[in-house]
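**Student:** A structural model of the following input is requested.
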Amino acid sequence: MTTTPDRTPDTRPPAHRITVAVPDVAQATAFLADLTGPSTARRDGGAGTVSFSAGTEVRFVPTAPLAAPDAPPRLVDIGTNHLCLRVGDIEAAAAHLEKVPGVDVLGDIVAIPEGPIRGNRWIYFRSPWGTLFELQQWPDTPGYADTTAERLHHGQRPADDAALPTLLGLDHTGYSVRSLDATVDHLVAHHRARVVLRTEIVADRAFMRRQFDLDVEGTSAMAMLVVDDAVNLELFEHGVPGQQPPRPLDRIGGNLLELHAAPHPAATAHHAPFGLTLPRPVTG
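**Tutor:** Just a heads-up that it's a prediction; the model follows:
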């Protein structure tokens, strides 16, 4: 993978870091950098990093060797993370992904007809190793603008060498949580998060099978928050039975969300009771 930048490197520590455990760090870093631009990627020891505008980075770390391959967690399991790329033309971006070896584009492009995400269009896809990603296209005026002056971060700037057609940048990092209210309260109280929208999404079994290959149905409560006008968080509380708990950071699907990552990066990952994996506070 070529990582020669075509812009002045940003040597400042990241403002926010999203760490994701993957079976092959080199493969994962190359895969995301092939979409977002080789200039966004770097390798640091055993980890790989892909940087986005506004000081947010995605960091890939290796999973522990297992006797049997570890399947990724389901979308509805507690702590499951997905990364969403914002695009200007979702048909063109999805068509590009259909040609990428190993990528599985899931279901159809979904258009939201009403509510706070009215006009939003999205589709999920799986990476070659099984981790969930998403494409999303926002309308010029988001539906939530009808009821609030708050805004998500819509000022993403792609790298000049991005290969994904009409890529704008990282739209959000999303999580399935145990308690939406508790998660929102924690992020607002401790991480300067601002709530932009909340809604409910009803998905029948046929929709979940078609879009996610999941034999479940239920109502999901959803919220979107913005932190420092730089990173968007999408949170889901899925009303489905049999959810698995968060995975540790050394298994596929394990992840760590470090908001305000510098100058005090976390020494350990801590599964908060409400479902996110966050840094354990550094004391002493």
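**Student:** show me the contacts for the spatially closest residue to residue 73 that is not a sequence neighbour.
**Tutor:** Ranked by CB to CB, 6 or more residues apart in numbering and with sequence neighbours excluded, the top spatial neighbour of residue 73 is residue 253, at 4.0 Å. No exception for glycine: its C-beta is placed from N, CA and C like everyone else's. By CB atoms under 8 Å, 6 or more residues apart in numbering, the contact set of residue 253 is 21, 70, 72, 73, 77, 79, 80, 81, 131, 247.
**Student:** so for the nearest residue to residue 126 once chain neighbours are set aside, what's the pLDDT?
**Tutor:** Sequence neighbours aside, residue 104 is the residue nearest to residue 126 in space, at 4.3 Å (criterion: CB to CB, 6+ apart). Residue 104 is assigned 95 on the pLDDT scale.
**Student:** neighbours of residue 104, how many?
**Tutor:** Neighbour count of residue 104, defined by other CB atoms under 10 Å: 14.
**Student:** same thing with residue 39?
**Tutor:** 19.
**Student:** just residue 25 next, same as before
**Tutor:** Counted with other CB under 10 Å, residue 25 comes out at 20.
**Student:** how far out from the middle of the chain is stretch 171-185?
**Tutor:** Stretch 171-185 has its C-alpha centroid displaced from the chain centroid by 12 Å (CA atoms, centre = their mean, to the nearest Å).
**Student:** do stretch 16-36 as well
**Tutor:** 12 Å.
**Student:** residues of that stretch that come out buried?
**Tutor:** 16-23, 25, 27-33, 35-36 (16 or more other CB atoms under 10 Å).
**Student:** kindly provide the distance from residue 81 to residue 24.
**Tutor:** According to CB to CB, to the nearest Å, residue 81 stands 18 Å off from residue 24.
**Student:** please disregard the earlier target; I meant residue 152.
**Tutor:** Residue 152 is 32 Å from residue 24, by CB to CB.
**Student:** try residue 132
**Tutor:** 17 Å.
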